[in-house]
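1. I would like to see how this sequence folds:
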Amino acid sequence: MTRSEKAKRIQRILEHYYPAPPVPLRHDDAYTLLIAVLLSAQCTDERVNQVTPKLFALASTPEQMVRLSVAQIREIIRPCGLSPAKSKAIHELSRLLIERHGGQVPDRFDALEALPGVGHKTASVVMVQAFGHPAFPVDTHIHRLAARWGLSRGTTVERTERDLKALFPEGLWGWVHLAMIFFGREHCPARGHDLSQCPICSWAASKKRILEESRRLPASKKA
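-> Residues are numbered from 1 along each chain as shown. Next up, the predicted model:
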């Protein structure tokens, strides 16, 4: 089976499980989505969703955010981890949005990636989910699934992103990104996963990978 054929079959399976997956980070607009995605670095979406209501109750616009001190922001977002760096980035990017973009989140990759704390993945999420522009955000989880399913041999998320973009229709990139996230969480976890029983891994993963992963399983999880 070619990668293209495999991608089409995976697309049908994802459509069955997640025809309309929601954006897992709670937000109201492009700015609150940007902040939520920034906070999600090395943090679960669940934890971010617990923290952002308190933050956005005080500051849901760049103008409101810059009125808070970095210390105030840091104290609120502390449960998300990396709070010293994230709080500085949130305060500074908010200032720059006012200074450079009239307080609006720009819908261009170059402008987004020029903001503190905003990498390509974060910019991609904002571009596709807030503005509807074609983008395929690839984080470590999607990078892992793409390798496990034989869709990419990329050693970097950048290479994996190129491979996935070539396999799926441009208009579906944002949906595939979300569907893969939910499928990975609910059906294809990184550890303790029996690939032979997975709706996708059982046929998409190589026999060698299935065998290797099976050897790592605790006896209680082996079929």
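2. tell me which residue is most central in the protein.
-> Nearest to the geometric centre of the chain sits residue 139, at 5.4 Å (C-alpha atoms, centre = their mean).
3. state the pLDDT value of that one.
-> On the pLDDT scale, residue 139 is placed at 90.
4. if you drop the residues flanking it in sequence, what lies closest to it?
-> residue 121 (5.5 Å; C-beta to C-beta, 6 or more residues apart in numbering). C-betas here are computed from N, CA, C, even on glycine.
5. that neighbour against residue 160, yeah?
-> No - look at residue 121 against residue 160 with C-beta atoms under 8 Å: they stay out of range, at 11.2 Å.
6. what's the overlap in contacts for these two?
-> residue 138 (C-beta atoms under 8 Å, 6 or more residues apart in numbering).
7. higher neighbour count, the two?
-> With neighbours defined as other C-beta atoms under 10 Å, residue 121 and residue 160 compare such that residue 160 has more, 24 against 20.
8. identify each buried residue in the one helix or strand residue 96 maps to, please.
-> Using DSSP states H and E, residue 96 falls within helix 83-101. Neighbour-count burial for helix 83-101, counted by 16 or more other C-beta atoms under 10 Å, picks out 83, 86, 87, 89, 90, 91, 93, 94, 96, 97, 98, 101.
9. quick one: contacts for the residue nearest to residue 139?
-> Counting by C-beta under 8 Å, 6+ apart, residue 121 touches 137, 138, 139, 157.
10. most neighbours among those, which one?
-> When neighbours are counted by other C-beta under 10 Å, residue 138 leads the contacts of residue 121 with 27 neighbours.
11. now it. Its backbone dihedrals?
-> When read as degrees, to the nearest 10, the backbone of residue 138 gives phi -120, psi 110.
12. who touches it in this structure?
-> Counting by C-beta under 8 Å, 6+ apart, residue 138 touches 121, 124, 146, 157, 160, 161, 164, 177.
13. one more time with 7 Å, if that's ok
-> Contacts for residue 138 were tallied using C-beta atoms under 7 Å, 6 or more residues apart in numbering; they are 121, 157, 160, 161, 164.
14. just for the protein, where's the confidence low?
-> Residue ranges of the chain with pLDDT under 70: 218-223.
15. rerun at 90
-> 1, 42, 140-141, 153-155, 190-193, 207-223 (pLDDT under 90).
16. would you map the helices across the chain?
-> Here the chain has its helices, by DSSP state H, at 3-17, 30-39, 45-58, 62-67, 70-77, 83-101, 109-113, 120-125, 140-148, 157-167, 173-187, 201-204, 207-216.
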